[in-house]
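Student: sequence and computational prediction follow.
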Amino acid sequence: MVFQNLPIEFDEQGLTRLQHSISEPYAYPAAALDISPALIKAITQKNLQPDGASGNPLSQVGGGLAFHCTVNLKDRKVVETASMATLFRGYEAILRGRDLRDAGLVSSTAAGICGGVHATASALCLEMALGLKPPPLGILVRNLLLSCQYLNDNPMHLFLLSGPDYSEAVIRQTNPEIWAKAEHAPAQFQALHGYETIGAIMADLNRSTGKLYLGSLRMIQLARQAYALLGGKYPHSESIIPGGVSITPTMEMLDAFADKLVPFYDYAKQCIGIWDDVFDFMYEANPQYQHLGEATPTMVDFGQWDHEDYYDATYANCNTWGEKRWSTPGAIVNGRLMTTRLTDLNIGL
């Protein structure tokens, strides 16, 4: 937020003070307004303000996030939007002067959810700086840990953070006409998830009580248990280090890891069917939903999951081994693919 025309002036030493014309800086003239409760309620409804509830749309977003939006109310058009992270973590400053072996342990605490990616990024940086090439199994174990983190994050996003926005409790209150349709709308992918109607899906998306909400907690738990088998604990892995990992995985350890992941095969199919059904229904109920978030794509991705046959831990060859990542890097600006080279991304960022 920028303040202009503040009632201050500077003296000869450059110090600031209130202008002499300001008698009481904290005074706020108030006047009684003769407004009836009915008029207040009418104004509230006109401005689409929730009555007696928090209207913060970012309450489900972790960390600190500021959101700015300019809307032309006359034309009902969004003119400009922007968001930015506001929380300063300062982990680079904390790492100054520390032993290099502490870098991964410290930087991985930058988040309570995605510490594995921070630990991996730290390991990659130190490997390039020190010339440490991990053995193939060390690269594979790190890939397994990164994959396991997605198995934790996806159910959390789909059912704990975003899911309640499409639940019976929310849709019934905000869009009763859509809820009326959902109660009787048949689900196309019943064979995948077992729900006969969209309304039944929405009922199980209810926060704290819905079966899909509660079931996701169990899947998150399984993902974390699997991660801990190879990572030591979750979050904040203790086994990801420069040069690979600090454990020697055994067949018993890998078998136990695989056993934890078996339920995700059917669960992934169930999730695909659920969200295909929900969004197909929402688009049919109100085609305007298809235009939400519409914009020319601009995004950057450094990729991940290094290939054990190509990753040599050198910056000189990062474009080559970057292209061989199982998820490849790239930058799209205004809908156009600009580059897939890690050096371009690193310099351009």
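Tutor: The structure has been received and is ready for your questions. Numbering: from 1, shown residues only.

Student: can you pull the domain assignment for this protein?
Tutor: Domain ranges of the chain: 98-292, 295-348, per the TED database.

Student: now do the same end-to-end measure for the shortest one.
Tutor: What it means is domain 295-348. 22 Å (CA to CA, to the nearest Å).

Student: now do it: distance to the chain's middle.
Tutor: Relative to its parent chain, domain 295-348 has a centroid offset of 20 Å by CA atoms, centre = their mean, to the nearest Å.

Student: name the SS class of the closest residue to residue 151 other than its chain neighbours, please.
Tutor: Distances taken as CB to CB, 6 or more residues apart in numbering place residue 223 nearest to residue 151, at 3.9 Å, with adjacent residues excluded. For every residue, glycine as well, the C-beta is placed using N, CA and C. Secondary structure, DSSP: H, G, I helix; E, B strand; the rest coil: residue 223 is helix.

Student: could you find the closest non-adjacent residue to residue 270?
Tutor: That would be residue 193: by CB to CB, 6+ apart, it lies 4.7 Å from residue 270.

Student: coming back round to it: from the domains of the chain, which stretch is densest packed?
Tutor: domain 98-292 (a mean of 17; mean count of other CB atoms under 10 Å).

Student: let me see the mean pLDDT of that domain.
Tutor: Mean per-residue pLDDT for domain 98-292: 93.

Student: hmm, back to that, residues touching the residue nearest to residue 151, list them.
Tutor: Counting by CB atoms under 8 Å, 6 or more residues apart in numbering, residue 223 touches 148, 149, 151, 152, 155, 260, 264.

Student: ok, 7 Å please
Tutor: Residues in contact with residue 223 (CB atoms under 7 Å, 6 or more residues apart in numbering) are 148, 151, 152.

Student: about what we covered before: contacts only, for the residue nearest to residue 270.
Tutor: Residue 193 touches 270, 273, 274, counting by CB under 7 Å, 6+ apart.

Student: out of these, list just those in helices.
Tutor: 270, 273, 274 (DSSP state H).

Student: sorry, back to before: can you tell which of the domains of the chain is closest to residue 41?
Tutor: domain 98-292 (16.8 Å; CB to CB).

Student: circling back to that earlier point, let's have the domains of the chain in TSV, adding distance to residue 42.
Tutor: Shown next, in TSV, are the domains of the chain (distance: least, CB to CB, whole Å):
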stretch	distance to residue 42
domain 98-292	19
domain 295-348	34
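
Student: for residue 12, find the nearest of those domains.
Tutor: domain 98-292 (46.0 Å).

Student: start to end distance for that closest one?
Tutor: Domain 98-292: ends 46 Å apart by CA to CA.

Student: distance between it and the chain's centre?
Tutor: That offset, for domain 98-292, works out to 11 Å (CA atoms, centre = their mean).

Student: phi, psi of residue 307?
Tutor: phi -80, psi 130 (degrees, to the nearest 10).
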